[in-house]
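In: Okay, here's the prediction I keep looking at, along with the sequence it came from:
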Amino acid sequence: MILFFGTRSGKPETKKLFNSTCPYCQQRGTLTAITQKNYFHIFWIKLFKISSTTTIECSHCKRGYYETEFTEEMNQELSKTMN
């Protein structure tokens, strides 16, 4: 019997951060959060989430931010939108 298993990423989830300011260009309402989740699967059926990464990009200056670079304002708005 052949058993297919491994990991794969799910669909990215995007959320607009309307009340956050970009630390680089100081524009308000231009940030978008993108969350990518990775899943363990057997026979291409997702069983459980392994990891999750979130990045934020400014649509004005195109600057990207990793989770370690998030400001307190970004973290607060992300936690509001995730609930």
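Out: On my side now, so go ahead.
In: from here on, contacts and neighbour counts on C-alpha atoms
Out: Will do.
In: contacts for the helix or strand hosting residue 39?
Out: Assigned by DSSP states H and E, residue 39 belongs to strand 31-42. Outside strand 31-42, the residues that touch it by Cα atoms under 8 Å, 6 or more residues apart in numbering are 3-18, 20-22, 46-59, 78.
In: Quick one: buried ones out of these?
Out: Using 16 or more other Cα atoms under 10 Å as the burial test, the contacts of strand 31-42 include 7, 16-17, 20-22, 46, 54-58, 78 as buried.
In: Beyond the strand holding residue 39, next helix or strand please.
Out: Trace forward from strand 31-42 with DSSP H and E and the next one is strand 45-58.
In: CA atoms of that next one as PDB?
Out: Taking C-alpha atoms only, strand 45-58 is exported to PDB below (Å, rounded to 0.1, in the frame of the first residue of the first chain):
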ATOM      1  CA  ILE A  45      -6.600  15.700   3.400                       C
ATOM      2  CA  LYS A  46      -5.500  18.400   5.900                       C
ATOM      3  CA  LEU A  47      -5.300  16.900   9.400                       C
ATOM      4  CA  PHE A  48      -3.900  19.600  11.600                       C
ATOM      5  CA  LYS A  49      -2.100  23.000  11.400                       C
ATOM      6  CA  ILE A  50       1.700  22.900  11.900                       C
ATOM      7  CA  SER A  51       2.600  26.500  11.700                       C
ATOM      8  CA  SER A  52       1.300  30.000  10.900                       C
ATOM      9  CA  THR A  53       3.200  33.000   9.700                       C
ATOM     10  CA  THR A  54       1.900  36.600   9.300                       C
ATOM     11  CA  THR A  55       3.500  39.400   7.200                       C
ATOM     12  CA  ILE A  56       2.300  42.900   6.700                       C
ATOM     13  CA  GLU A  57       2.800  45.000   3.500                       C
ATOM     14  CA  CYS A  58       2.200  48.700   2.900                       C
END
